[in-house]
Structure formats: structure tokens, C-alpha cells
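K.L.:
Dropping a prediction and its sequence here:
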Amino acid sequence: MALSRLGDYIELTDNKNTDLQFDVTDVKGISIKKIFIPTKADMDGVPLTSYKIVKPLEFCYVTITSRNGEKITLALNDSDQTYICSSSYVAFKIKDSTKILPFYLYMYFNRPEFDRYSRFNSWGSAREAFGWEDMCDIEIDIPPIEVQQKVVDVYLSMVENQKVYEKGLEDLKKTCDSYIENLRKQKKVKIGDNIVEVNEKNIENINEESGVSVKKEFIKTKSGASDISNQKVVRIGTFAFNSNTSRNGNVISIALNKDKNRIVSNTYICFKTNEKFLSSNYLFLWFKRNEFDRYARFNSWGSARETIGLKDISEYEIAVPNMNIQRSIAELYEVYDKRRALNEQLKKSINEICPVLIKASIDLNR
């Protein structure tokens with residue numbers, strides 16, 4: 001199959017929002033996952049007349065590729081709505097969809113090979129960019145439209161199944177959150193009545209060194225110290241948190257150890273609950289809420305670094321129903337977390353299938 005120049009099949013769309021037909025609710029950004037996302041920019045007072053219109057089945061990408069996780073930020077508008085994006089983005093469309101399908105080209109862009117190509121062909125000094133001419137100069141195998149349609153059908157069926165699964169996941173999340181919201185209306189007590197600090201040194205020489213991320217989960221780390229006996233042991237069912245809350249995205253790094261004994265820096269604070277009255281899994285649900293992060297930041301003190309201690313956390317108040325209700329709610333959230341992880345794996349699998357399907361479409365035409 002002869003290679004074709006991509007620029008012969010795509011063209012710029014430079015439609016501006018000059019008549020303000022679209023407002024701030026239509027503004028989108030693009031993530032390195034190659035999807036449109038709600039913009040993170042502060043849109044207060046920003047004029048929208050220069051924003052570019054991106055219609056359904058049109059593409060948009062950010063030319064800057066440096067400091068971008070070795071990926072190019074690009075997306076296809078696969079919705080039935082029209083978006084508007086920053087004027088710094090490049091918007092384009094396929095000239096003739098009887099020659100190349102929008103979803104086929106999107107699958108082509110969704111491959112690691114394309115990310116590597118765009119990074120290698122990015123140019124600049126302070127910032128490297130993959131410009132429109134670079135995009136047009138791509139040489140691409142374009143199989144017959146019926147072959148494209150076959151692989152696109154496979155891809156879209158996988159996407160549809162994932163979206164159905166995700167919708168059920170969102171319904172489960174709403175159910176979980178409603179339980180906590182109802183409990184918020186009940187009488188609350190300070191958690192300090194049912195938690196106790198744990199300060200166990202690593203005399204057993206446990207070598208599972210960990211840190212705690214802002215996602216409230218343990219992550220692998222390595223101190224580099226030859227002697228780790230002074231680090232703290234975090235056994236299963238024990239919490240650990242980093243008392244430093246400044247420069248942390250207004251999130252407190254706290255996690256519950258659910259799988260294996262590990263050690264953390266001796267600067268961390270560890271504690272556990274009295275499981276007769278307060279389930280650790282139930283308490284962790286409250287720690288995951290935004291209101292707890294706000295509480296932790298508000299009650300952090302210091303000059304160069306703001307920190308929160310266990311005494312301050314002990315003052316945090318939650319509703320504490322009987323243990324059967326606590327366990328039931330925690331188990332429901334556990335189901336949600338497992339399904340959410342599976343959903344992320346499904347998304348990853350869909351991305352991983354793109355290079356396989358593209359290669360299959362090319363091989364079918366040989």
C-alpha cells in the first residue's frame with residue numbers, strides 16, 4: 001500500500017465564536033488522554049469571541065509537546081455537541097469522510113507510535129511544538145473505507161460497552177454518596193474518642209518503604225538510607241499521614257493500609273481506630289471527602305511550612321452509626337472502588353487496542 005500525505009485529507013477549521021453563540025459552559029480543554037475535558041482555566045472576564053469552534057467529528061490539538069508526559073494533547077469531538085476551545089489550539093477536520101473516517105484517524109492518533117513521532121518532530125527552544133505543517137507532513141497508510149469501517153466498528157463497540165459500564169458506576173457512586181450525606185444530618189462525635197496514635201519502630205526490618213500520595217493511597221518510595229530501623233511501621237488497618245499540608249494542592253496525604261505491612265518516614269504520623277466502635281474503612285470514607293481536606297488545611301499552622309497534627313485531626317467530627325451500618329457502607333464503597341479500577345482498566349484496554357486494530361487494517365489490505 002502506498003503511503004499518503006495526511007495533509008491531503010485534512011484541513012484547518014478556523015471558525016471563531018465571534019457572535020458569542022457559545023458561552024463559558026461550552027468551553028473545553030484537552031487532556032493527554034486525548035479527550036475533551038471541562039476547562040481548568042479561570043474564565044472570569046475572559047472574552048470568548050476569539051475561541052475556536054469545534055463541531056462534532058472535528059479534531060483539536062495543542063501544538064506544545066514539551067513537558068507533556070511525552071504525549072501530544074489531541075482529541076476528537078465524538079459528541080453531538082459543539083465545543084469552543086482556546087485560540088491557541090489548532091482545530092481541523094477531515095476533508096472527505098468517504099476517504100478516511102474520523103474515528104479511524106482518531107485511532108491512528110491514539111497510538112504510542114504517534115506520540116513518539118510527534119515528540120520527535122517537535123521543534124523549538126524554550127518550548128517544543130508540533131505545528132500544523134508537521135501534522136500535514138505525516139505519511140500514513142490509508143486502507144479502503146470498508147476496511148476502516150470494520151476496525152472502527154470494533155473500536156466503537158468497545159467504547160460503548162465501557163460507557164454503559166461507567167454509567168452504572170456513576171449510579172453506584174451516587175448511592176454511596178447519598179448514604180454519607182444522610183449521615184451528615186445525624187449527631188456527630190469527635191473521632192479522637194476512638195483513635196490512638198501508633199509509633200512502632202521498624203525493629204523487624206520490614207523493607208516495604210512507602211509514601212502517601214494526594215490520591216490518599218500508599219505509593220512506593222525509597223529513602224536511600226542504609227538504616228531503616230528508625231522508620232515507622234504501618235500495619236494492616238493502620239492510617240498514616242503526612243502532617244505537611246502546604247504546597248499539596250489543598251489535599252492532605254492520608255491513607256489506610258489495607259494490604260500488607262509497610263514502613264514510612266518517621267516524620268509521618270500513624271494511628272488506628274478502636275474497631276469495636278469505629279471501623280477504619282468507614283472512617284477512611286470521611287477522610288476521602290473534600291470537606292475533610294478543607295478542614296485539614298484550615299487547621300494547619302506554621303510559617304515556612306503549614307502542618308496539621310493528630311490532635312487537630314482528633315477534633316474532626318463525623319456521624320458514627322452502629323457497626324453493622326458502618327461495615328455495610330464501607331463494603332458498598334469497596335465494591336465501587338473495585339468497579340472503578342476495572343473501568344480504568346477497560347479504558348486502558350481500549351487505548352491499547354488502537355495500534356492493534358490499525359495494524360490489522362493495514363495487513364488486511366496487503
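P.N.:
Cool, the structure landed.
K.L.:
what's the average pLDDT for the longest helix along the chain?
P.N.:
Longest helix in the chain, counting residues (DSSP state H): helix 323-364. On average, the pLDDT along helix 323-364 is 90.
K.L.:
how many neighbours does the residue nearest to Leu342 when sequence neighbours are not counted have?
P.N.:
In this structure, Leu342 finds its nearest non-sequential neighbour in Tyr165, 7.8 Å apart by Cβ to Cβ, 6 or more residues apart in numbering. All C-beta spots, glycine's among them, are computed from the backbone N, C-alpha and C. Tyr165: 13 surrounding residues under other Cβ atoms under 10 Å.
K.L.:
give the contact list for Tyr165.
P.N.:
Tyr165 makes contact with 339, 342-343, 346, according to Cβ atoms under 8 Å, 6 or more residues apart in numbering.
K.L.:
Quick one: the helices in the stretch 201-350 of the chain, in order.
P.N.:
280-287, 290-298, 310-314, 323-364 (DSSP state H, counting those that start in this stretch).
K.L.:
Of the ones you listed, give the one that comes closest to Asn244.
P.N.:
Nearest of the helices of the stretch 201-350 of the chain to Asn244, taken as Cβ to Cβ: helix 290-298 at 10.9 Å.
K.L.:
Show me the strands in the stretch 101-250 of the chain, by range?
P.N.:
Secondary structure of the stretch 101-250 of the chain by DSSP state E, counting those that start in this stretch: the strands cover 139-140, 188-190, 195-198, 210-212, 218-220, 232-234, 239-241.
K.L.:
Which other helices and strands does the last one contact?
P.N.:
Other elements packing on strand 239-241 under the criterion 3 or more Cβ pairs under 8 Å, 6 or more residues apart in numbering; DSSP states H and E are strand 210-212, strand 254-256, strand 269-273, helix 280-287.
K.L.:
What's the mean pLDDT across it?
P.N.:
Strand 239-241 comes out at a mean pLDDT of 96.
K.L.:
Contacts for that strand next, please.
P.N.:
So strand 239-241 is contacted by 210, 212, 218, 232, 234, 252-257, 264, 268-272, 280, 283-284, 287, 313 (Cβ under 8 Å, 6+ apart).
K.L.:
Swap in 7 Å and give it another go.
P.N.:
Strand 239-241 is contacted by residues 212, 234, 252-257, 264, 268-272 when judged by Cβ atoms under 7 Å, 6 or more residues apart in numbering.
K.L.:
just these now: which is nearest Ser122?
P.N.:
The closest of the contacts of strand 239-241 to Ser122 turns out to be Ser253 (Cβ to Cβ; 34.2 Å).
K.L.:
picking up where we left off before, most neighbours per residue, which of the helices and strands packed on strand 239-241?
P.N.:
The highest mean neighbour count among the helices and strands packed on strand 239-241, using mean count of other Cβ atoms under 10 Å, belongs to strand 254-256: a mean of 24.
K.L.:
what about the residue nearest to Arg235 when sequence neighbours are not counted, neighbour count?
P.N.:
Closest residue to Arg235 apart from its sequence neighbours, by Cβ to Cβ, 6+ apart: Asn261 at 5.1 Å. Per other Cβ under 10 Å, the neighbour tally for Asn261 reads 14.
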